[in-house]
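*Asks:* The sequence and its predicted three-dimensional model are supplied below.
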Amino acid sequence: MRTLLSLTFVALLSTGAAAQDARIIPAPPDLAAPPNDAVKSASGLISKTIKPGTGAEKPIATDVVTVNYTGWRGDGMMFDSSVARGRPSMFPLDKVMTGWRECVMLMTIGETRRCWIPQSLAYNGRAGRPTGTVVFDIELLDFRPSPLIAPPDVKAPPADAKRTASGLAYKVLRPGKGTRSPSPFSQVLVHYTGWTTDGRMFDSSIPRGEPTQMRLDEVIKGWSEGVPLMKEGERTRFWIPENLAYGGKGDGPRGMLVFDIELVEIQ
């Protein structure tokens with residue numbers, strides 16, 4: 001695992017990003033006039049659920065979300081779309097326009113929502129950006145806490161954490177939907193964030209915007225032991241003692257380390 005030296009998220013929701021795409025997604029028929037069943041918030045945001053999501057949990061303002069989206073100007077021209085690019089986008093909610101953030105915070109995983117965002121909550125007249133109301137169709141695929149915010153139990157495993165004979169502690173944060181588990185020699189695709197016990201984040205795949213591929217026989221012992229306990233799609237927090245981490249040697253962080261790991265795929 002490589003140490004993250006800077007936190008730079010890819011800039012998204014920018015004018016002209018879709019210009020390179022061959023696929024143009026037509027504007028919805030209610031672009032210029034929200035239907036009667038659309039809901040208007042106190043801020044002026046208007047939105048409507050196109051497809052319901054699952055569960056009850058919704059993102060908060062500091063979360064990092066994974067979404068598919070398309071944005072249109074008031075004249076119906078598409079100006080940005082992850083759908084057209086054929087790849088979902090990941091970014092922190094506190095780095096996007098106010099109306100976008102407010103809209104996504106109304107959503108649950110799997111939901112698609114249409115959002116009519118007035119200029120004051122969108123680009124607010126910035127040069128080179130669409131003016132007036134912009135309309136977005138947004139599908140919320142996933143969300144996770146910001147890697148910059150350490151979990152509240154980073155100092156020590158909680159009482160309900162499980163422990164292995166080696167001293168590894170872990171707690172499932174979100175069960176997986178798959179049935180397969182990797183072996184200690186598998187190649188896997190993972191999202192992860194690592195913190196020291198004082199809350200300092202030292203590495204994360206999240207700001208890079210895509211999961212990391214690695215072999216479990218080429219990582220620290222705590223990973224080689226812990227990740228095979230997981231199912232595909234599972235998200236688990238691990239408390240890894242120093243002897244199963246970097247052993248107090250080399251350039252790696254010292255002491256116990258805490259990792260949130262999501263097993264995206266066994267390859």
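*Replies:* Thanks, I have the structure now. Numbering: from 1, shown residues only.
*Asks:* tell me which element P184 falls in.
*Replies:* In the assignment (DSSP states H and E), P184 maps to no helix and no strand.
*Asks:* Next, count neighbours for it.
*Replies:* Close neighbours of P184, defined as other Cβ atoms under 10 Å, add up to 14. In this view, the C-beta of every residue, glycine as well, is placed from N, C-alpha and C.
*Asks:* Leaving out chain neighbours, which residue sits closest to it?
*Replies:* Among residues not flanking P184 along the chain, S224 sits closest, at 5.0 Å (Cβ to Cβ, 6 or more residues apart in numbering).
*Asks:* cool, and D37?
*Replies:* What sits nearest to D37 in space, not counting adjacent residues and going by Cβ to Cβ, 6+ apart, is K48, at 6.4 Å.
*Asks:* pLDDT at D21, what is it?
*Replies:* In the prediction, the pLDDT value recorded for D21 is 46.
*Asks:* rewinding a little: element containing the residue nearest to D37?
*Replies:* Going by DSSP H and E, K48 is in strand 46-51.
*Asks:* next one: D153
*Replies:* Assigned by DSSP H and E, D153 falls outside every helix and strand.
*Asks:* Repeat that for L31.
*Replies:* With DSSP H and E as the criterion, the answer for L31 is that it lies in no helix or strand.
*Asks:* Quick check: what element follows the strand holding K48 along the chain?
*Replies:* Assignment by DSSP H and E places the next element after strand 46-51 at strand 64-72.
*Asks:* helices or strands next to that next one in the packing?
*Replies:* strand 78-81, helix 82-85, strand 89-92, strand 134-144 (3 or more Cβ pairs under 8 Å, 6 or more residues apart in numbering; DSSP states H and E).
*Asks:* Any chance of a markdown table for the ones you listed, columns mean neighbour count?
*Replies:* Formatted as a markdown table, these follow (neighbours: other Cβ atoms under 10 Å):
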| stretch | mean neighbour count |
| --- | --- |
| strand 78-81 | 21 |
| helix 82-85 | 19 |
| strand 89-92 | 21 |
| strand 134-144 | 21 |
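*Asks:* can you redo these as JSON lines with mean pLDDT and distance to T193?
*Replies:* Listed next are the helices and strands packed on strand 64-72 as JSON lines, based on pLDDT from 0 to 100; distance: least, Cβ to Cβ, whole Å:
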{"stretch": "strand 78-81", "mean pLDDT": "96", "distance to T193": "27"}
{"stretch": "helix 82-85", "mean pLDDT": "94", "distance to T193": "23"}
{"stretch": "strand 89-92", "mean pLDDT": "93", "distance to T193": "13"}
{"stretch": "strand 134-144", "mean pLDDT": "97", "distance to T193": "9"}
